[in-house]
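Student: Attaching a predicted model along with its sequence, questions to come.
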Amino acid sequence: MRPLVGITAYAEPARWGVWDTRAVLIPESYVRMVRDAGARPVVLPPDAGDDAAGLVGRLDGLVLAGGADIEPSQYGAEAHPTTKTRPDRDAGELAVLRAALDADLPVLGVCRGMELLAVAYGGTLYQHLPDLLGNDRHQPAPGVYGAHPARFATGSRAAEIFGPAAEVNSYHHQGVDKPGTLTVTGWSDDEVTEAVEDPARRFVLGVQWHPEEASDVRPFAALVRAI
């Protein structure tokens, strides 16, 4: 039987056909990548943290999907004017992530998911990269992905998957400041953190870009191989 991989999701207003209601949703690209990697995808609503240990006991792996900003109080900061949060996702995903780490479940964090890993490991975030960099190249415009090179540390999990360097797509205005107890293993050409990992575990990897939108199955396949 194919392993079960949970993918965290939103609960948001949505419209399709004759319906206009709240829905649990996630871009299909995540589901496709998990399926193409050889696993069975399971979409997890934000309230999945209500029984995090019980849920994790039924899963073989976890993907923390991209999305809204993390509530700054989670890492001891005040909100920047540009910070837009979803506290329901924060609460549910942090509970599921901590249960997954307790169980040594393989975990892949994508964009927001990488930032969530950093916060869970005691780290902090830059809330608005244009304040730091003086440009918006990591999120050029609403719905428009940026593109830039990234390099990866020799011997790291990230380098094993992506090679020493790669061109990546990005859509984020926040980024990792301090990684907590995670190891930074990837950087963009302007030194923004692009990959973090926990080498002491079976598989804990975060990437700041969106491999699912590029149909890059490699990090998802690496997650499944670690199961």
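Tutor: Structure's in. What do you need?
Student: Same question for the lowest-mean-pLDDT helix or strand in the chain: list its buried residues.
Tutor: Each helix and strand of the chain was given a mean pLDDT (mean pLDDT, DSSP states H and E); the minimum falls on helix 129-133 at a mean of 90. Buried residues in helix 129-133, counting neighbours by 16 or more other C-beta atoms under 10 Å, are found at 129, 133. Using the backbone N, CA and C atoms, a C-beta is placed for each residue, glycine as well.
Student: which residues does T85 bridge with?
Tutor: Bridge pairing for T85 (DSSP bridges) gives the partners D69.
Student: residues in contact with it?
Tutor: Contacts for T85 (C-beta atoms under 8 Å, 6 or more residues apart in numbering) come out as 68-72, 79.
Student: of those, closest to E93?
Tutor: E93 lies nearest to I70 out of these, by C-beta to C-beta, at 9.1 Å.
Student: tally of neighbours for that closest one?
Tutor: Residue neighbour count, defined by other C-beta atoms under 10 Å, stands at 26 for I70.
Student: pLDDT (mean, whole number) over the helix or strand where P41 lies?
Tutor: In this structure, P41 is located in strand 40-44 according to DSSP states H and E. Averaging the model's pLDDT scores along strand 40-44 yields 97.
Student: swap in stretch 78-90?
Tutor: For stretch 78-90, the mean per-residue pLDDT is 95.
Student: buried stuff in it?
Tutor: Neighbour-count burial for stretch 78-90 [16+ other C-beta under 10 Å]: 80, 83, 85-86, 89-90.
Student: now swap in stretch 217-225 and tell me
Tutor: Within stretch 217-225, the residues scored as buried using 16+ other C-beta under 10 Å are 217, 219-224.
Student: Likewise for stretch 47-62?
Tutor: 48-49, 52, 55-56, 59-62.
Student: Could you list the residues in contact with it?
Tutor: Under the criterion C-beta under 8 Å, 6+ apart, external residues in contact with stretch 47-62 comprise 3-6, 8, 11, 39, 42, 44, 88, 91-100, 102-103, 105-108, 203, 223-224, 226-227.
Student: just the buried members of the residues you listed?
Tutor: Among the contacts of stretch 47-62, the ones that count as buried by 16+ other C-beta under 10 Å are 3-6, 8, 11, 39, 42, 44, 91-97, 99-100, 105-108, 203, 223-224, 226-227.
Student: Give me the pLDDT for E212.
Tutor: The confidence metric pLDDT takes the value 98 at E212.
Student: who's in contact with it?
Tutor: The contact partners of E212, by C-beta under 8 Å, 6+ apart, come to 27, 29-30, 32-33, 110, 220.
Student: Now pLDDT too, for those, in TSV please.
Tutor: Compiled in TSV, these are given as follows (pLDDT from 0 to 100):
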residue	pLDDT
P27	96
S29	98
Y30	98
R32	98
M33	98
V110	98
F220	98
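Student: In strands, which of these appear?
Tutor: Per DSSP state E, strands hold the following members of those: V110.
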